[in-house]
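Q: Return atomic coordinates for the entry below.
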Amino acid sequence: MRNICIILFCLLSVSSLFSQDEKISLDKVVGTIGGELVLKSEIEEQYSYLLEKNKGTLPPDAKCLISEQILTQKLLLNQAKLDSVLVSDEEVNTQVNAKIDNILAYMNNDVSQLEAYYGQTVQQLKDQVREDQKNQMLIQRMQSKIMGDVAVTPSEVKAFYNQMKVDSLPYFNAEVELGEIVYKPKVNEEQKKIARDKLEDIRKQLMDTNASFASLAENYSEDPGSARLGGDLGWAKRGKFVPEFEAAAFKLEKAEISPVIESDFGFHIIQLLERRGNSIHTRHILIKPKITEEDIALAKHRLDTIVDLLNKDSIDFSKAVKLYSDKNTQSYNNDGRMVNTASNNTFFEMSELDPEIFFVIDTMKIGRVSGAIQFTDPAGEIYFRAVKMMSRTTPHRASLKTDYQKFHNFVVEQKRNGIIYKWVLDKKKRTYIDIKDSELANCPNISKDWISTKPK
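A: Numbering: from 1, shown residues only. I've put the predicted structure just below:
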């Protein structure tokens, strides 16, 4: 289990499990940047994570470099608050939910395992990490505000490339660029009726007897995140839920139970527990229609038919993505191109591909589209994807001809770093900074620019 915690460090740090006041009381304040406190645990956690990631090998000045990075983040956060940079509760909730869902996926969606490990319910965990998540988003938004839209011309890319020595050019392994159409099997009407009827029976129990909504949710709801909490979804503002759910929930009076409503997740009944202005506290019971083997076979046949049209040039790939691909996938809004989450671009080394994709595209020609490949998402839902070979390179020394986009990205990143660096230099002169820790103060990079700085 310890390995899971290390893997998920960036998703949910240990310090996120405490409120800011709790952190301060349990920790040591090593510095102040404007109105933001720097805690010793923040530095130690980052250091331990990188030490583990790099198998126990870090440069001697690693802790000093980590400390300066954290000081810079605090400077950005302080300015974001001064500038009233906005991050909505809905945006924060979406990110928190995604992170908790990712953790659950690593634990095979076993809610009891997660709650036993962290010693909190899922909802309590979400409440605890919300502040840290909001701060991270404020920092990112402040960075974007400072950098604006960084434009790079082809001549700048060429100049950057030309000033590099041939023997210093990076060597790239074989890479591919892939497109995909992701197709979700459709539930047949018979299974929908079975699910709806089951939930109608549960609702009838609630309306005709003194049955407990919470008990029925624990026994029957197929939402793993809320079932153990009696269906409780906590407080939420508009925008958190899918439209069908939200429309029904906001129409309810206190303690009222909704009719059965359908969403992409299945069928729900909702009870309003409390309302405060534009926020509601609800609970629900979810019943999901079952996907049958016939539904799965039909989906595979449907996607294979689309692939056949694509390989005969009877339909354009971009158009097929918009017509048939699942709108909730990242590639849908990227013209079908798959994104490498490790590098945040669209290129994959062959070793980075999932085995089921690797063996399908290994000998595929550029422009061809694979047959339907079945896969299961972290929530256990079955999908199919058809993969298109967009481009392929062999192992090679980087060149402007074959790797223009990479060099373009290098130059953009260089410009962004330069803008942030100049902003930090200027802002440090205008922000109260107090470094209280002697170990931190002895770092050359800290003592030079960060010690006892006061606004002019």
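Q: Helices of the stretch 1-150 of the chain, start to end?
A: Under the criterion DSSP state H, counting those that start in this stretch, the stretch 1-150 of the chain contains helices at 2-7, 20-26, 40-53, 62-82, 89-106, 111-118, 122-147.
Q: which parts of the fifth one are buried?
A: Translated: helix 89-106. Across helix 89-106, burial judged by 16 or more other C-beta atoms under 10 Å covers 89, 91-93, 95-96, 99-101, 103-104, 106. All C-beta atoms are positioned from the backbone trio N, CA, C, and that covers glycine.
Q: With just CA atoms, put stretch 414-428 into PDB.
A: This file holds the C-alpha atoms of stretch 414-428, laid out as PDB (Å, rounded to 0.1, in the frame of the first residue of the first chain):
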ATOM      1  CA  GLN A 414      11.800  28.900 -22.800                       C
ATOM      2  CA  LYS A 415       9.800  32.100 -23.300                       C
ATOM      3  CA  ARG A 416       7.400  31.200 -20.600                       C
ATOM      4  CA  ASN A 417      10.200  30.500 -18.100                       C
ATOM      5  CA  GLY A 418      11.800  33.800 -19.000                       C
ATOM      6  CA  ILE A 419       8.600  35.700 -18.400                       C
ATOM      7  CA  ILE A 420       7.900  34.000 -15.000                       C
ATOM      8  CA  TYR A 421      11.600  34.500 -14.000                       C
ATOM      9  CA  LYS A 422      11.400  38.300 -14.600                       C
ATOM     10  CA  TRP A 423       8.100  38.500 -12.800                       C
ATOM     11  CA  VAL A 424       9.400  36.700  -9.800                       C
ATOM     12  CA  LEU A 425      12.500  39.000  -9.700                       C
ATOM     13  CA  ASP A 426      10.400  42.100  -9.700                       C
ATOM     14  CA  LYS A 427       7.700  40.800  -7.300                       C
ATOM     15  CA  LYS A 428      10.200  39.600  -4.700                       C
END
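Q: for that stretch, which positions count as buried?
A: Neighbour counts over stretch 414-428 (16+ other C-beta under 10 Å) mark 416, 420, 423-424, 427-428 as buried.
Q: Pull the most distant pair out of the buried residues of helix 89-106.
A: Using C-beta to C-beta, the pair of the buried residues of helix 89-106 lying farthest apart is Asp89 and Tyr106, separated by 26.3 Å.
Q: Wait, Val360 touches Val369, no?
A: No - in this structure Val360 lies outside contact range of Val369 using C-beta atoms under 8 Å: 10.5 Å.
Q: Asn333: what secondary structure?
A: helix (DSSP: H, G, I helix; E, B strand; the rest coil).
Q: can you pull the pLDDT of it?
A: Looking at Asn333, its pLDDT reads 87.
Q: Just give the number of residues close to it.
A: Using other C-beta atoms under 10 Å, Asn333 has 11 neighbouring residues.
Q: For it, give its distance to Leu273.
A: Here Asn333 is placed at a distance of 35 Å from Leu273 (C-beta to C-beta, to the nearest Å).
Q: Please apply the same query to Lys290.
A: Noted for Lys290: a distance of 30 Å to Leu273, by C-beta to C-beta.
Q: cool, Glu352 as well?
A: For Glu352, the distance to Leu273 equals 45 Å [C-beta to C-beta].
Q: Which strands and helices lie in contact with whichever helix or strand Ala159 is part of?
A: Ala159 is part of helix 154-162 when elements are defined by DSSP states H and E. Counting contacts by 3 or more C-beta pairs under 8 Å, 6 or more residues apart in numbering; DSSP states H and E, helix 154-162 is packed against helix 404-428.
Q: tell me what the helix it packs on is packed against?
A: By contact count (3+ C-beta pairs under 8 Å, 6+ apart), the secondary structure elements abutting helix 404-428 are helix 62-82, helix 122-147, helix 154-162.
Q: now what about that helix, what contacts it?
A: Under the contact criterion C-beta atoms under 8 Å, 6 or more residues apart in numbering, helix 404-428 has outside partners 72, 75, 79, 143, 146-147, 150, 152, 156-157, 160-161, 172, 345, 347, 398, 400, 449-450, 453.
Q: do the same with stretch 287-297
A: Residues beyond stretch 287-297 that count as contacts (C-beta under 8 Å, 6+ apart) turn out to be 185-188, 191-192, 194-196, 198-199, 202, 220-222, 265-267, 374, 382.
Q: hmm, which of these are the buried ones?
A: Burial of the contacts of stretch 287-297 was assessed by neighbour count (16+ other C-beta under 10 Å); the buried members are 185, 187-188, 191-192, 195-196, 198-199, 202, 220-221, 265-267.
Q: Let me see the contact set for Lys192.
A: Under the criterion of C-beta under 8 Å, 6+ apart, the contact list for Lys192 reads 262, 267, 289.
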